[in-house]
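A.B. asks: Below is the structure, and that's it, no one-letter string:
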């Protein structure tokens, strides 16, 4: 399962409430049958994205770029320090931090409560294992395994298509590639070109 499956499940069931109790997780109301395999698979990530004793609705995790980044970072595998780069609205220079894995969730939880949403949030594992990016106003999520790096990118539609065009020219063919838009099941593509064609078809159909 991929991070796109997790996004799809959260979006489809926004009122589910997650309650962390120690290393356990309670979910209210009962998890719908279709979401059980996904939420069971990502239970450790959901636990680590919450503070002990915290209750949070799926919609709150989904709608905050800070909370969503914490969740997806744990879903990707938070095994070492990460570089967090924040691009504030109206600011030219980004703010960059080296964050130990055990403090990422507290740091991003604090940011969600005290800072305005950034126009762009970028997280990169120092091991090079993965790169995560959340842009303000994102519409499309892309997840790709390219060589030794997994990319999970949440971009507005135009930026997602531009990224795929650049990847098609500059990156090797992906080993795995999926595209997700809200309200649709994740689409598995066989390459950069097919993913781009899918986004173009969706954009044309929505006009």
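C.D. replies: Received the coordinates, thanks. Bear in mind the structure is a predicted one, so any value in this text is a computation, not a measurement.

A.B. asks: Closest to the centroid, which residue in the protein?
C.D. replies: Nearest to the mean C-alpha position of the chain, counting by C-alpha atoms, centre = their mean, stands residue 72 at 4.5 Å.

A.B. asks: Check for me that that residue belongs to a strand.
C.D. replies: No. Residue 72: not assigned to a strand; according to DSSP: H, G, I helix; E, B strand; the rest coil it is helix.

A.B. asks: per-residue confidence averaged over the helix or strand that contains residue 166?
C.D. replies: Secondary structure from DSSP states H and E places residue 166 in helix 157-170. If you average the pLDDT over helix 157-170, you get 93.

A.B. asks: Now find how far off-centre that helix is within its chain.
C.D. replies: Helix 157-170 has its C-alpha centroid displaced from the chain centroid by 18 Å (C-alpha atoms, centre = their mean, to the nearest Å).

A.B. asks: So what's the residue count around residue 200?
C.D. replies: Residue 200 has 13 neighbours, counted by other C-beta atoms under 10 Å. From N, CA and C alone the C-beta is placed, and that goes for glycine too.

A.B. asks: Counting by contacts, list what the helix or strand bottoming out on mean pLDDT in the chain packs against.
C.D. replies: Least confident helix or strand, the chain: helix 192-205 with a mean of 83, by mean pLDDT, DSSP states H and E. On a contact count with 3 or more C-beta pairs under 8 Å, 6 or more residues apart in numbering; DSSP states H and E, helix 192-205 meets helix 157-170, strand 176-181.

A.B. asks: could you pull out the helices for the protein?
C.D. replies: Per DSSP state H, the chain carries helices over the ranges 3-12, 36-41, 43-48, 58-63, 65-76, 101-114, 157-170, 192-205.
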